[in-house]
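# Structure, please.
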Amino acid sequence: MAGTDNRVDIKVDVSKDGSETAGAPQDPNDLAGLEAGLDALDAVRVDRTPLRETLVRKVLPPVTAVALVLVVWQLLVWAEVAPDYKLASPSDVWGEVREAWLQGTLLDYIWTSVSRGLLGFLLALAIGTPLGLLVARVRFVRAAIGPILSGLQSLPSVAWVPPAVLWLGLNNSMMYAVILLGAVPSIANGLVAGIDQIPPLFLRAGRTLGATGLREAWHIVMPGALPGYLAGLKQGWAFSWRSLMAAEIIASSPDLGVGLGQLLENGRNNSSMPQVFLAIFLILLVGIAIDLLIFSPLERRVLRGRGLLVAR
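Got it, this is the predicted structure:
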């Protein structure tokens, strides 16, 4: 009919992304609740763990394990499963620790080895990182020296001590050479493995945004390869420490000082089992301390940054 208004009113809602939806008007409070729920799904809740719970979950288990080892050790001594010169008691080892502390040599033993190990590891880090980038990104280099790096990584570190002594003599340079030959392949291979696990889409997106050359390596490749790179660093430190101990045990000189490896060898030469046990415990203690103070916090930070670490 003429004069009849045929218009139909339709409510059109425009979503946040610009798309239009037809229907009844929505309550702004409902939208706010929906957004809050989506934000809650993305958020990782991190609560501060109470001190008592931390002590029970993280401190008590290793302390209990150490106490059990000491109890079993003392029981074996009381049972006389071996002569005294073969199995020293915990009290004898503690007496060796006390004597070294009173003489002022205990910290010297530790610092001599730790300073060499850390400096050698930093040198290996400076060499292994660019080498790993080069092997991972250049096909010809990877085909040429990639298998060599894998072979060097499987070669026992002690095998490098005799040639290093012949090449460089009994000095700190020989120690650092052995550390580098043991640690560089592990660091480089760890970085190569991490780069191989980067999704190709990330690399293409970086190039599209203008990240090429050093920018690509710094902003795309290294962050993407960080988990594998960190695993290579941990393994590189383990190889550094073991290589150093092998070098200190085999090569001895007054100019080198007495490190933990030389302390272990001196205990064998003196047929002093307490001194041997002391050296073994100090070597183990340093390895555990470096992992807890350096690598474990780094690993937690990387996992937390990627949303893979939640409070448990």
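# Output whichever strand or helix holds Leu303 as CSV, nothing but the C-alphas.
Leu303 belongs to helix 296-305 when assigned by DSSP states H and E. Only the C-alpha atoms of helix 296-305 are listed here, as CSV (Å, rounded to 0.1, in the frame of the first residue of the first chain):
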residue,chain,number,x,y,z
SER,A,296,69.6,-23.6,36.4
PRO,A,297,68.5,-19.9,36.8
LEU,A,298,69.2,-19.4,33.0
GLU,A,299,67.1,-22.4,32.1
ARG,A,300,64.2,-21.3,34.3
ARG,A,301,64.3,-17.9,32.9
VAL,A,302,64.2,-19.2,29.3
LEU,A,303,61.3,-21.6,30.1
ARG,A,304,59.4,-18.9,31.9
GLY,A,305,59.8,-16.5,29.1
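# so what secondary structure elements neighbour it?
Here helix 296-305 touches helix 226-250, going by 3 or more C-beta pairs under 8 Å, 6 or more residues apart in numbering; DSSP states H and E. For every residue, glycine as well, the C-beta is placed using N, CA and C.
# outside of whichever helix or strand comes after the helix it packs on, which residues touch it?
Sequence order places helix 260-269 as the next helix or strand after helix 226-250, per DSSP H and E. Outside helix 260-269, the residues that touch it by C-beta atoms under 8 Å, 6 or more residues apart in numbering are 109-110, 112-113, 244-249, 252, 256, 258, 272-276, 278-280, 282-283, 286.
# try stretch 229-240
With C-beta under 8 Å, 6+ apart as the test, stretch 229-240 has contacts from 117, 120-121, 124-125, 128, 132, 153, 157, 179, 182-191, 193-194, 222, 287, 290-291, 295, 298-299, 302.
# how far out from the middle of the chain is the helix holding Leu303?
Chain-centre distance of helix 296-305: 10 Å, with C-alpha atoms, centre = their mean, to the nearest Å.
# again, but for stretch 239-250
19 Å.
# looking at it, Asn189 is touching Gly151, isn't it?
No: counting by C-beta atoms under 8 Å, Gly151 is not a contact partner of Asn189; they are 10.7 Å apart.
# Ile288: neighbouring residues, count only.
11 (other C-beta atoms under 10 Å).
# Likewise for Ser89?
Counted with other C-beta under 10 Å, the neighbours of Ser89 add up to 17.
# residues touching it, list them.
Taking C-beta under 8 Å, 6+ apart, one finds Trp73, Gln74, Val77 in contact with Ser89.
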